[in-house]
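Undergrad: For reference, the sequence and a predicted model appear below.
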There are 2 protein chains.
Amino acid sequence: MGDEVGRPRVAVVGTGLIGGSILLRLHEAGVPVAGWDPDPVTRAEGRRRGFTFPDELADAVQGRDVVFLGGPLPSLPQTLLTVAGLTDDRCVVTDVGSTKAAVAEFAGAHGLTGRFVPGHPMAGTERAGLTAALAGLFVDAAWVLCPSADGLVPFRSLVGLIVDVFAAHVVPMSPGVHDSVVALSSHVPHLLAGSLAGAAADSAVRDAVVRLAAGSFRDGTRVATTPARRTADMLLANREQVLRQLAEVRAALDGLTEAVRADDLPALVARYERARTVRLPSDHTRPVRRRFDLVGDPAEELAFVRSVGESGGHLTGCTVTGETVTYTGLRPADAPA
Amino acid sequence: MGDEVGRPRVAVVGTGLIGGSILLRLHEAGVPVAGWDPDPVTRAEGRRRGFTFPDELADAVQGRDVVFLGGPLPSLPQTLLTVAGLTDDRCVVTDVGSTKAAVAEFAGAHGLTGRFVPGHPMAGTERAGLTAALAGLFVDAAWVLCPSADGLVPFRSLVGLIVDVFAAHVVPMSPGVHDSVVALSSHVPHLLAGSLAGAAADSAVRDAVVRLAAGSFRDGTRVATTPARRTADMLLANREQVLRQLAEVRAALDGLTEAVRADDLPALVARYERARTVRLPSDHTRPVRRRFDLVGDPAEELAFVRSVGESGGHLTGCTVTGETVTYTGLRPADAPA
């Protein structure tokens, strides 16, 4: 695939903060890329900044090798269907939505798993829109991909692109594991931040609370400044897992509260000692390297790449040579081989 | 008071992160200062760094005009009593503990309100000890002081010292309001961080959660790395207010959770729109300036300085000239005059 010098031709549909940052980096890296956004002001802004930004979606995606789908989470399934209809079967499509099970199921129901690889670059800021986009947003960030057994070909090409162009860490996972992990690592934190900021907003001592805001308060409310609709969409798109992980966090909060109520210093210290282990640096990683036959059992390759991501590791490369594909990666030193 | 050029002679008792940073800044500013710590290793480290650091507490505090009390929160009442016994009545004492009602009550019970002004510089890091101290820690930080009606003389001199030497913002408050404000602005955030980190530490997908930790997770767990004993002491010293403010935050969390459970997008968006107002910049402040007779009604002066801090403002100066004291400050533009 690709242009005359072998670079893939890429399109980015939905150029908000994430899609826009993908566009900026691809352009900066010299990859031929077109952008499209439903908002005409964004398209004009894109053209003003020198990007290819046609008014018609078809003109942006036709003839492209890879299409990234950005934009609001609820819009992604319909955008996927539209883009799939405008491109041929060799065009690889991936998205950047923050939950993966629903869109993966949707792709399966529409026979698109052979070319659509659900994705989730784990980076962002509280800001929104193309004007907030940053070409360097994904450097060293985790970028989840959720390949299916019949989607290993597009998966392999995306791994190369994401590692080489974005310098991101590719974390392969099943859609279900992804959604349960991000519920705890991102969505529940947004609920806690919203609760703290919400209680402070309604407090009788609100102005003094803001004035005396310790680092803990500023940290604990930062993501409450994210555009409200974006946060709400994200939480509702992962409702079941959010409620399940929230129950675990509430149980931990109950334990701490009970220790405070009982004035139980040793219990409180023990709970905090346990809690802080999750923040201790654990950069003891070991390299992994595995080769698979391109025509071998896809289940084996799929199980391997998922196990790397689901055990806390990531892929650092993927090379297809002749009849084989070789993955390299890093995983925690204590993860199963 | 003061040495031959009118500078106050100061001692800092308990030179951990906060006390040590006070010592560093005073020394840097050319104020004669002695340090003391119950830990002989800390005293040796202090001497190694060129500070006056006698082995006996009496040698550190005798003849001093101002003594700052640092060290672990539960130790402060006894340290206050000891230091008060070693110094004369003109020596001003203040502390840096993170809760104020208990120590204020203790000072009252021991007849020390005329020279002890409870204090709380609102700055810190997750690190501990003199080796982690930073001379610039308090620049632009809020520094709460809790004067009582018979403690306005030491209060006035501390305001000058804290503004001039530390470039901090003096926030006068009653001890009770302080404790309720910090419960929400600092202590409850520590409980939420401990819950999130604790749930993650015990999660089946722990390694992947750490790997995919979004900014929201890192922010939401940062203070869980604070030494566990320090956090536990802080929470237990403010138990009642912590439990009261936690109930408000739990109610807000219940509201968000119910909206997620009911898949109620408008309710969720409305709650986040309300929550984020607490983080919107509101730097519309107006200057205040008030003069009081030194021999006037202390209740009026006390009510004024507390109202500045409790409404979200702070003092920027305090000048005693002849028979009057003049306070300058900033308060939110919409606060009552």
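TA: Received, thanks.
Undergrad: what are the ranges of the strands in chain A?
TA: Here chain A has its strands, by DSSP state E, at A:10-13, A:33-36, A:66-69, A:92-95, A:116-117, A:119-121, A:142-145, A:169-172, A:285-293, A:314-321, A:324-332.
Undergrad: Direction included, what does the shortest one pair up with?
TA: Pairing partners of strand A:116-117, with direction, according to DSSP bridges: strand A:92-95 (parallel).
Undergrad: Would you mind listing the outside residues contacting the strand it pairs with?
TA: A:65-70, A:76, A:79-80, A:83-84, A:87, A:103, A:112, A:115-119, A:145, A:154, A:157-158 (Cβ atoms under 8 Å, 6 or more residues apart in numbering or on different chains). Where C-beta positions appear, they are placed from N, C-alpha and C, glycine not excepted.
Undergrad: where does chain A have low pLDDT?
TA: Applying pLDDT under 70 to chain A flags residues A:1-5, A:280-283, A:334-337.
Undergrad: Show me which helix runs longest in it.
TA: helix A:239-261 (DSSP state H).
Undergrad: Tabulate the CA atom coordinates of that one in PDB.
TA: Presented in PDB, the C-alpha positions along helix A:239-261 are these (Å, rounded to 0.1, in the frame of the first residue of the first chain):
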ATOM      1  CA  ARG A 239     -21.900   2.100  32.000                       C
ATOM      2  CA  GLU A 240     -21.700  -1.500  33.200                       C
ATOM      3  CA  GLN A 241     -17.900  -1.600  33.700                       C
ATOM      4  CA  VAL A 242     -18.000   1.900  35.300                       C
ATOM      5  CA  LEU A 243     -20.600   0.800  37.900                       C
ATOM      6  CA  ARG A 244     -18.700  -2.400  38.500                       C
ATOM      7  CA  GLN A 245     -15.300  -0.800  39.100                       C
ATOM      8  CA  LEU A 246     -17.000   2.100  41.100                       C
ATOM      9  CA  ALA A 247     -18.300  -0.500  43.500                       C
ATOM     10  CA  GLU A 248     -14.800  -1.600  44.200                       C
ATOM     11  CA  VAL A 249     -13.600   1.900  44.800                       C
ATOM     12  CA  ARG A 250     -16.600   2.600  47.000                       C
ATOM     13  CA  ALA A 251     -15.700  -0.500  49.000                       C
ATOM     14  CA  ALA A 252     -12.200   0.900  49.500                       C
ATOM     15  CA  LEU A 253     -13.600   4.200  50.500                       C
ATOM     16  CA  ASP A 254     -15.900   2.500  53.000                       C
ATOM     17  CA  GLY A 255     -12.900   0.800  54.500                       C
ATOM     18  CA  LEU A 256     -11.000   4.100  54.900                       C
ATOM     19  CA  THR A 257     -14.100   5.800  56.300                       C
ATOM     20  CA  GLU A 258     -14.700   3.100  58.800                       C
ATOM     21  CA  ALA A 259     -11.100   3.400  60.000                       C
ATOM     22  CA  VAL A 260     -11.500   7.200  60.400                       C
ATOM     23  CA  ARG A 261     -14.800   6.800  62.200                       C
END
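Undergrad: in it, what counts as buried?
TA: Buried positions in helix A:239-261, judged by neighbour count with 16 or more other Cβ atoms under 10 Å in any protein chain shown: A:239, A:241-243, A:245-246, A:248-250, A:252-253, A:255-257, A:259-260.
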